[in-house]
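Student: Can you look at this prediction? I've put the sequence above it.
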Amino acid sequence: MAMLMNLTTILAVVSVSALGMLLHIYIKNLRKIKSRFTIGLFIFALLFLVQGLISLYYYLTMMDYYSPEVEVHVFILTLLQTVGFLILLKITWE
């Protein structure tokens with residue numbers, strides 16, 4: 001099951017990267033359009049980035065402590081989150 005946690009870690013890196021790109025776009029938009037919606041998007045991405053970095057830290061440092069039953073759930077949640085952020089990035093990029 002270590003392979004599943006390695007995949008989870010890779011997905012977390014992809015998720016954090018997507019959030020970094022979203023933050024870059026939102027910062028550029030924030031400089032042009034100072035609306036509450038733009039500020040909200042920036043804060044949304046920033047908080048998820050912090051959550052992603054903390055999760056990535058725990059995946060890397062505590063991988064041995066995850067039980068096989070929990071590994072599957074963590075993988076599924078990370079997969080769904082990553083797919084969601086990638087879709088949001090694609091829509092935002094266009």
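Tutor: Sure thing, it's come through.
Student: Lys34 in helix, strand or coil?
Tutor: coil (DSSP: H, G, I helix; E, B strand; the rest coil).
Student: That one - how many residues pack around it?
Tutor: A count of nearby residues for Lys34, using other C-beta atoms under 10 Å, gives 9. In short, each C-beta sits where N, CA and C put it, glycine included.
Student: Quick one: residues contacting Phe42.
Tutor: 23, 26-27, 30 (C-beta atoms under 8 Å, 6 or more residues apart in numbering).
Student: tell me the contacts of Leu53?
Tutor: Val16.
Student: any idea which of the contacts of Phe42 is closest to Glu71?
Tutor: Leu23 (28.9 Å; C-beta to C-beta).
Student: How many residues are close by that closest one?
Tutor: 18.
Student: again, but for Leu7
Tutor: 14.
Student: Where does Ala18 sit: helix, strand or coil?
Tutor: helix.
Student: Please report how far the closest residue in space to it that isn't next to it in sequence lies from Lys32.
Tutor: Counting by C-beta to C-beta, 6 or more residues apart in numbering, Ala18 lies nearest to Phe85, which is 4.3 Å off, once chain neighbours are set aside. Remark: distance between Phe85 and Lys32 (C-beta to C-beta, to the nearest Å) = 23 Å.
Student: Could you report the neighbour count for Ile27?
Tutor: Ile27, neighbours per other C-beta under 10 Å, totals 13.
Student: An error on my part: the question was meant for Leu86.
Tutor: Neighbours of Leu86 under the rule other C-beta under 10 Å: 16.
Student: Tell me which of the contacts of Phe42 fall in helices.
Tutor: Taking DSSP state H, the ones among those that sit in helices are 23, 26-27, 30.
Student: which of those lies closest to Val50?
Tutor: Nearest to Val50 out of these is Leu23 (C-beta to C-beta; 10.9 Å).
Student: The residue nearest the centre of the chain in helix, strand or coil?
Tutor: With distances taken as C-alpha atoms, centre = their mean, the residue of the chain nearest its centroid is Ser15 (3.5 Å). Here Ser15 is recorded as helix under three-state DSSP.
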